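Novice: Quick check, what structure comes out for this input:
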Amino acid sequence: MTSTEQPPPASGAPEAHPEHLGHVIFITAAAAMGGFLFGYDSSVINGAVEAIRDRYDIGSGTLAQVIAIALIGCAIGAATAGRIADRIGRIRCMQIAAVLFTISAVGSALPFSLLDLAFWRIVGGFAIGMASVIGPAYIAEVSPPAYRGRLASFQQAAIVIGIAVSQLVNYGILQLADGEQRGEIGGLEAWQWMLGVMVVPAVVYGLLSFVIPESPRFLISVGKVDRAKEVLSEVEGEHIDLDARVAEIDHAMRSEHKSTFKDLLGSRFNFLPIVWVGIGLSVFQQLVGINVAFYYSSTLWQSVGIDPAGSFFYSFTTSIINIIGTVIAMVFVDRIGRRPLALIGSTGMAIALGFEAWAFSADLVDGKLPTTQGVVALVAAHVFVLFFALSWGVVVWVFLGEMFPNRIRAAALGVAASAQWIANWAITASFPSLADWNLSGTYVIYTFFALLSIPFVLLFVKETKGKALEEMG
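Specialist: Got it, this is the predicted structure:
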């Protein structure tokens, strides 16, 4: 700030409480529908994996590419969503995502060929990437400061609920098809209905986007100050100083440093140490194999002798455990800190994954795991998801939002998120082939990364609980 610049008058916004909190919650929940679709579209493929393999008579390598190819769309959508939203607004961006979710659902349900199915999965992935960026940004910009932390948690909650609902819908469709993933219902195979049903929440998301207001921050950036004041009055209360609040937002936007990739580099074209820590957190979150539980769990259980209906049911119960763990993390992340939760999660995941590796090492008897190993595998899978959800599933995103200095935060977040999508793709694309090679050995690899994450956190990750963002450096 130069000597001639004056700080904007204090608006009292941090102490402001909206008169209609229910309306603010509705706005937040509507925006979080993008998170619901994020979770739903990411995991709904779980129910269709074996049917796609059989329908197109493909091997594990090709199957893995069809499943993982959506992540390419995710990366592109996430990389471009911010610029799109800054140009045309957050609401228009949501509407584009809703349209893409809808046409992806229809196209995936009615593919002409395997290549066609892969294309529609990329389209759906692009929508996921957009939703992963726009939802949290919009919620942060419309939330009154006094409630921002709690309202921001709606996005993560919506994602895990979307995962659970997709598994429940898949299970219900399988029952209608007499337990056959390729069983016909109304002229379409069951797996096609599983992918197509996403049209319903996608349309709801699109409709809701027409009844919620544009972000005040975007409105101010395009000169629609009067409309911005109306929205601020709706969400922050009618008694705040609207002129001062607008000036405060405008001043903040003008003062922001637009971080670039170059800002992340230290000497000799190497990333700054803090950027490598962020990349490490993102990569470890994926290398423990969490997305195997959401993309391939039905296939996994069927491969060790559980019938399709049972495998779909266990996929659903795993999703419920995921919700429970996420709630636990939301309760404790500000109480006991980020590092302790991460260490608890790493320890719990390593133990659970080790038990899974042991269980899957047993020889199949009549195509099934022995009773003891089967029970251990099921319990350990649920324990693994619980420990991931109550720790790394939430903590990594909290760390990434807090750990970087202000001047590089946006660019560093982009690099860390990109690393996460790449690691996600690597695990998703490799699992079918690794499982064909040695399922127990695959889980030994995931166990190794869970164990390796413990010294990584102890040596390189600093606690951010209770620190102002301006203190990070």
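Novice: all contacts plus neighbour counts: C-alpha atoms, from now on.
Specialist: Fine.
Novice: Okay, and residue 53 sits in which element?
Specialist: Assessed by DSSP states H and E, residue 53 sits inside helix 49-56.
Novice: Next secondary structure after that helix?
Specialist: With DSSP H and E, the next secondary element past helix 49-56 is helix 60-68.
Novice: contacting residues around that following helix?
Specialist: 45, 49, 52-53, 117-118, 121, 295, 425, 428-433, 436 (CA atoms under 8 Å, 6 or more residues apart in numbering).
Novice: Would you indicate which residues of it are buried?
Specialist: 60, 62, 63, 64, 65, 66, 67, 68 (16 or more other CA atoms under 10 Å).
Novice: Which strands or helices does the helix holding residue 53 pack on?
Specialist: helix 60-68 (3 or more CA pairs under 8 Å, 6 or more residues apart in numbering; DSSP states H and E).
Novice: Can you name the element that comes right after the helix it packs on?
Specialist: helix 70-88.
Novice: any idea how far that next one is from the chain center?
Specialist: Distance, stretch centre to chain centre, for helix 70-88: 14 Å (CA atoms, centre = their mean, to the nearest Å).
Novice: Now do the helix or strand following that helix against helix 70-88, angle only.
Specialist: Downstream of helix 70-88, the next assigned helix or strand under DSSP H and E is helix 90-109. With axes from the mean of the first three to the mean of the last three CA atoms, to 10 degrees applied, the angle from helix 90-109 to helix 70-88 works out at 150 degrees.
Novice: so what does helix 90-109 touch, helix or strand wise?
Specialist: helix 21-43, helix 70-88, helix 114-142, helix 190-196, helix 199-208.
Novice: Rounded mean pLDDT for the longest one, please.
Specialist: It refers to helix 114-142. Helix 114-142 comes out with an average pLDDT of 89.
Novice: Between the helices and strands packed on helix 90-109, which one is closest to residue 154.
Specialist: With distances scored as CA to CA, the stretch of these nearest to residue 154 is helix 21-43 (6.2 Å).
Novice: Output the closest one in CSV with nothing but the alpha carbons.
Specialist: Extracted in CSV, the C-alpha atoms of helix 21-43 (Å, rounded to 0.1, in the frame of the first residue of the first chain):
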residue,chain,number,x,y,z
LEU,A,21,-29.5,-17.7,7.9
GLY,A,22,-31.8,-20.3,6.4
HIS,A,23,-31.5,-18.5,3.1
VAL,A,24,-27.7,-18.4,3.3
ILE,A,25,-27.7,-22.2,4.0
PHE,A,26,-30.0,-22.8,1.0
ILE,A,27,-27.6,-20.8,-1.2
THR,A,28,-24.6,-22.8,0.1
ALA,A,29,-26.4,-26.1,-0.2
ALA,A,30,-27.4,-25.3,-3.8
ALA,A,31,-23.8,-24.5,-4.7
ALA,A,32,-22.6,-27.6,-2.9
MET,A,33,-24.8,-29.7,-5.4
GLY,A,34,-21.7,-29.4,-7.6
GLY,A,35,-19.8,-31.2,-4.9
PHE,A,36,-22.5,-33.9,-4.8
LEU,A,37,-22.2,-34.4,-8.5
PHE,A,38,-18.4,-34.5,-8.1
GLY,A,39,-18.7,-37.4,-5.7
TYR,A,40,-21.5,-39.1,-7.6
ASP,A,41,-19.9,-39.0,-11.0
SER,A,42,-16.5,-40.0,-9.6
SER,A,43,-17.7,-43.2,-8.0
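Novice: Show me what it is packed up against.
Specialist: Applying 3+ CA pairs under 8 Å, 6+ apart, we find helix 21-43 packed against helix 90-109, helix 114-142, helix 148-176, helix 199-208, helix 225-236, helix 290-295.
Novice: 7 Å - rerun?
Specialist: When contacts are defined as 3 or more CA pairs under 7 Å, 6 or more residues apart in numbering; DSSP states H and E, helix 21-43 sits against helix 114-142, helix 148-176, helix 199-208.
Novice: can you pull the buried residues of the second one?
Specialist: So the one you mean is helix 148-176. 151-175.
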